[in-house]
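# Quick one: sequence plus predicted model below, questions after.
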Amino acid sequence: MFHTVRRHLIAGSTCIAALMPLSLWAQEAVFVFGSSEVGIPNYNPLTAVNTNAAFTMIYDTLIEQDGDLSFHPHLAESWEEAADGKSWVFHLKPGVKFHNGDPLTADTIVQWIGMFRSSENSYMIDNVEKVEAIDDLTAKFVMKNPDPNLLYNLSSSFMAIPNPRVVTELGEDYGITEAVGTGPFKLESFTLGQETVLVRNDDYAWASPLAENQGPPHLAKLTFREIPEDSTAFLELKSGGVDALLSLPTDYLGEIAAEPSLALAKIPGQEVYYMPINVTKEPFTDIKVRQAAALAINQDEILKNVFSSYGQVAHNFLISALPESKIDPALDISFDPDKANALLDEAGWVKGADGIREKDGKKLTVALWTQSDSVFRRLTEVVQAELKTVGFDPQIQTFDSSVIRDEYKKGEQQLAVRSYFWNNADIVDWFFGGDRVGYPNISMFNDPKAEELRAKAMTGSATQEERVANFLAYHAYVTSQFPYAPIYQPEQNMAFNKDRLVVPEVIHGNSVTGTVVQDISVKE
Amino acid sequence: MLSYLIKRILLLAPVFLAVSAVIFLILHLIPGDPVDNLLKVGSSASKRAEIEARYGLDRPLIVQYGMWLGNVLQGDLGTSIVTRRPVSQLIGQTLPHSLQLGGLALLLSSVVGILLGVVAARARDRWPDRLVMGGVLLGSTLPSFWIGLILILVFSVQLGWFPVSGARGWSSLVLPVITIGLGGIALVARVTRVAMIDTAGRDFVLLLHAKGLPPSRILWRHVLRHAMIPVVTILALRIGWILGGAVTVEYVFARPGIGTTLIKALNQHDYPVVQACLLMLAIAVMLGTLLGDIIQALMDPRVREAIA
Amino acid sequence: MSLPRALSPVVRAAKTPMGAIAGLWLVLIIAVAILAPLIAPYAYDAQNLPASFQPPSSAHLLGTDEFGRDLLTRIIYGARTSLSVSVISIAISVFAGMVLGAAAGYVGGAFDRAVTIVVDLSWSFPEILVALILVAIIGPGVTGTMAAICVAYLAQFTRLTRSQILAIRSETYIEAARSLGAGGRFILFRHLLPNALAPVLVAGMLATGDAIILEATLGFFGLGAQPPLPSWGSMMSSGSALLFKAPWIIILPGLAVAITVVAINLFGDALIGALDIKTRLREA
């Protein structure tokens, strides 16, 4: 009985679907950005403070990074580093053209790096003295200091290469109505906060060797929708309204198995959830209280119950794929409620009848900040309950994700629950550097010994090995001072409709980039 | 009538001035400095001053208000502080969605509401009346976001009939329109019922009955026509209320529109966008009130005389 | 007005069938709210993560939420938050509205005109908009919500009180009192306000229902009571992400809101009938 009814309803829904002006035709696909990627104001990599996947479709980078953190050619066919690390030579792929027909040459690189000096992320080329065009297809980067991290920076979506001439011509309008790169897709239209429509670049013949398809992409039209609410996005995927979610929230991983039409593509994780601790705010000026708060976080419980055992726990600040995350295990931060209680006793905080600790008549009430996305709200409520078990009284304050940055700048927070997306050890410098106190250093951590180790790590490393060793020392010292508590490392999952899309078995890239989309097609 | 119309429209000017001043002032009470959004970490004070000057944030409030109002009257709603795009462009993109949603909801409310109201009035105090009035009570008391969620649960998640969100074709309009419409139907049905019962007892109706006209003709031609005055007036006066309901419903269904834009801009402290959204809603409210007054005046000469 | 006389319409309202059912529910839910700590089976913030998303069972009569907290307990405490926020803020709003409205109606002149303009303006704006803007100014949480509700409904009570005062002012017995040499203040407090009281109080009661919905809506936006404190609205804000996983988490608090608001309206209607003030309310 139930089945008959159900079949009728399905028939009804197909009728409706047929009438919908959806792009269900051949080689057209609709993707949904991950919730951390919504709200990009424009497609200008030179002004971006945040990028989304479409950047990597419109633009190419000199270097491409795979999920295993190895580097591969893209617009640069090959490169050499001088023995002393004081210069790099990049050989550009011939025949590369921008969407408007302009050729990409070494001069383009010179102009672009010049413009990048005043971008939001200019720190990425702080070690670069200047760039010279040796010939049309050879660019030489002259370094102030050796920088083993240059390849990483050049592979970042912030260092995607726009057409410098068009950027200058359009000024503030660049990236809104027009965005000109060399990438596999051209920007057709962009509606802020709603959708970005891309069409195939039919001239594309310079894909990274990481992609199997070296010609133009299979997809003729690719629409990215922005859906801020996770549940809505998942329901859209389930009901066939969209073809893929670039980043499936962990909540819904279990649901994928139950849906025969849905499948997952796994990408190595780059995200770490953590709890910054403001070292300048009472009672966290006391390192014992900081350590107690950090030890109260039950990483295993959170992994199992909040994230259904997908991903892994975090015991320090970096994703575990990075060699710099392998600090002395004794320094790793793990759940230890007995020690947390003992530390708080030692620090003079006495448990009251209601379980809340007190010292000199003051309760251990602390502000715990979080942002409005549902995963943060949930995780923060669990963290609140865990801190309560050792005698803290955390008060949650929720801010809109887009303004919480401004709120942090005021420095009123004590604890917060946050996450970052990055797969390089220099993130320790970004969040704990003494000259970035306020924001992004919302732990307000400024320690002379840390600064010394930091300078060595950032500018004093001639080789990759030296850099790893220097960052290990810096990362380990910062962790020993408890300006944060590590929580969780998610894995990245693209969820897609396998009745509609063909997606390669192994994703080559650290996210769903233009290179990855090269090999995605619609089932005919 | 013409002079009444002109007077009534002229009366809107001071109201508009007052509303715009309130909208402008209130937003400067919201904490959070939008300039922080635009500044790189560690930017110098001079860079800050430059940005403040660019957006006119360094001038006295009254000057800022004057500048803003002057621009608004020329159709320039300013530049969004967060997206750095013209606000009028943003409004141009989102307003049609809201108008479509609001217009359809209004249509649904009036058609279904009037029908139900007539049915209830004809069957006064019998079961159809009680049924309708019970439904009306529910329709006007259930939170609209909850109705929206339940509709999504049933019709999108369980049955898969309609899309969950967005604004892609007519099928994505069905659930939001019903969600907003339920409140409107309840309101219209209630007013129609009372007005019908009221009118049915008037002398002229009794006279028509005495003349021997068929009761259905009296009902549909005379009573309903007369009863429509308060119904239409209430509908016009409540346009703002319907748009207000749309704010919540747009959010639930993740539809583009003035409501979602407003909520996002409020959270982002994007003053120019918030101001523009509120202004659009205020204009809708004022036009609704004007429409209601005009209809009332058309029907009731005493109001016209009082104004003239 | 002596107390028994003031209560007699309530008793009469409770004697109508609809009034009785509605009244019973209201008494029940108010008792639940007051006695929450005594009757709730669990602590409202007691998490039990492995037991999350449980459907109704004997251990958890209404199931558990995403943190394994008992839903019945949360709804009981939610009643406490939602009702107290709505009742207290409407009470303040009624009081302020009566003062403003009485002053405007009694003093008249430019003051009256100014009040009327402001009130008319804000009255034509949807309450949810006024509330959203106020919460943006004050900040989310119980205080912000209460302030938002107070202000959002202030116009309604001011308008109603003013019109009542104006209507009663011209009645013969006031004229008589005045001609007998009664002072202005005496007339205002002895005659005008007590007679305007009943309709305003009933309007206040009906508005409490609307305020519960407004509180729920703000809570749904995440702007109401902050976690772990439950309110009916904020319970639904965390539930919305879990619509198909555990729909009862949002259905149940929604039902609590719906039944309570319907009950308030039914009882309010019965009270209007008992007080015979229908026309006076409609005039406003």
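Arrived safely.

# does C:Pro41 sit in a helix or strand, and which one?
Assigned by DSSP states H and E, C:Pro41 falls within no helix or strand.

# Got the phi and psi for it?
phi -70, psi -30 (degrees, to the nearest 10).

# quick one: low-confidence parts of the chain?
Here I'm looking at chain A. A:1-25, A:402 (pLDDT under 70).

# Actually, chain B is the one I wanted.
Within chain B, the ranges that satisfy pLDDT under 70 run B:1, B:29-45, B:55, B:167, B:299-308.

# Mind checking if whichever helix or strand B:Ala282 is part of is in reach of chain C?
Using DSSP H and E, B:Ala282 sits within helix B:271-299. Yes - using C-beta under 8 Å from any C-beta of the partner chain, helix B:271-299 reaches chain C at B:278, B:281-282, B:285-286, B:288-289. From N, CA and C alone the C-beta is placed, and that goes for glycine too.

# how far does stretch C:90-99 sit from the chain's center?
Centroid separation for stretch C:90-99 versus its chain: 12 Å, with C-alpha atoms, centre = their mean, to the nearest Å.

# check contacts around the residue of chain C found nearest chain A.
For chain C and chain A, the shortest gap (C-beta to the nearest C-beta) falls at C:Leu49, measuring 3.5 Å. By C-beta atoms under 8 Å, 6 or more residues apart in numbering or on different chains, the contact set of C:Leu49 is A:301, A:304-306, A:382, C:67-68.

# Please indicate which of the residues you listed are buried?
Using 16 or more other C-beta atoms under 10 Å in any protein chain shown as the burial test, the contacts of C:Leu49 include A:301, A:305-306, A:382, C:67-68 as buried.

# export those to JSON lines and tack on distance to A:Val110?
Formatted as JSON lines, the buried ones among the contacts of C:Leu49 follow (distance: C-beta to C-beta, whole Å):
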{"residue": "A:Glu301", "distance to A:Val110": "54"}
{"residue": "A:Asn305", "distance to A:Val110": "54"}
{"residue": "A:Val306", "distance to A:Val110": "49"}
{"residue": "A:Val382", "distance to A:Val110": "51"}
{"residue": "C:Phe67", "distance to A:Val110": "56"}
{"residue": "C:Gly68", "distance to A:Val110": "60"}
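
# Closest one to B:Gly56 out of those residues, please.
Nearest to B:Gly56 among these is A:Val382, at 45.2 Å by C-beta to C-beta.

# Can you say which helix or strand has the closest one in it?
Here A:Val382 sits within helix A:374-389, counting by DSSP H and E.

# Run the chain-centre distance for that helix.
22 Å.

# near chain C at all, it?
Yes - Helix A:374-389 is in contact with chain C by C-beta under 8 Å from any C-beta, via A:374, A:377-378, A:380-382, A:384-385, A:388.

# Farthest pair within these?
The widest separation within these, taken as C-beta to C-beta, falls between A:Ser374 and A:Lys388 and amounts to 21.5 Å.

# Between the two, which has more neighbouring residues?
A:Ser374 (21 against 18; other C-beta atoms under 10 Å in any protein chain shown).

# So that one sits against A:Glu229, correct?
Yes - A:Ser374 lies in contact with A:Glu229 (C-beta atoms under 8 Å); the separation is 7.4 Å.

# Now name the helix or strand holding the closest residue to B:Gly184 other than its chain neighbours.
Once flanking residues are discounted, B:Gly184 sits nearest to B:Ser109: 2.7 Å by C-beta to C-beta, 6 or more residues apart in numbering or on different chains. Following DSSP H and E, one finds B:Ser109 within helix B:87-122.

# Now whatever residue of chain B ends up closest to chain C: phi and psi?
Closest approach between chain B and chain C, counting by C-beta to the nearest C-beta: B:Gly244, at 2.2 Å. Dihedral pair for B:Gly244: phi -60, psi -40, per degrees, to the nearest 10.

# Identify the spatial nearest neighbour of it, chain neighbours not counted.
Residue nearest to B:Gly244 in three dimensions, not counting chain neighbours: C:Pro126, with 2.2 Å by C-beta to C-beta, 6+ apart.

# Repeat that for C:Ser122.
Nearest one to C:Ser122, counting by C-beta to C-beta, 6+ apart, is C:Ala155 at 4.6 Å.

# Could you check which helix or strand contains that neighbour?
Using DSSP H and E, C:Ala155 falls in helix C:142-169.

# For that helix, buried residues please.
C:142, C:144-169.

# By proximity to chain C, which residue of the stretch 151-300 of chain A wins?
Counting by C-beta to the nearest C-beta, the stretch 151-300 of chain A gets nearest chain C through A:Ser231, at 4.5 Å.

# Do I have it right that that residue meets C:Leu243?
Yes - when contacts are counted by C-beta under 8 Å, A:Ser231 is listed as touching C:Leu243 (5.7 Å).

# Could you check which of these two is surrounded by more residues?
Higher neighbour count among A:Ser231 and C:Leu243: A:Ser231, with 25 against 22, using other C-beta under 10 Å.

# Secondary structure element holding the more buried one?
Counting by DSSP H and E, A:Ser231 is part of helix A:230-238.
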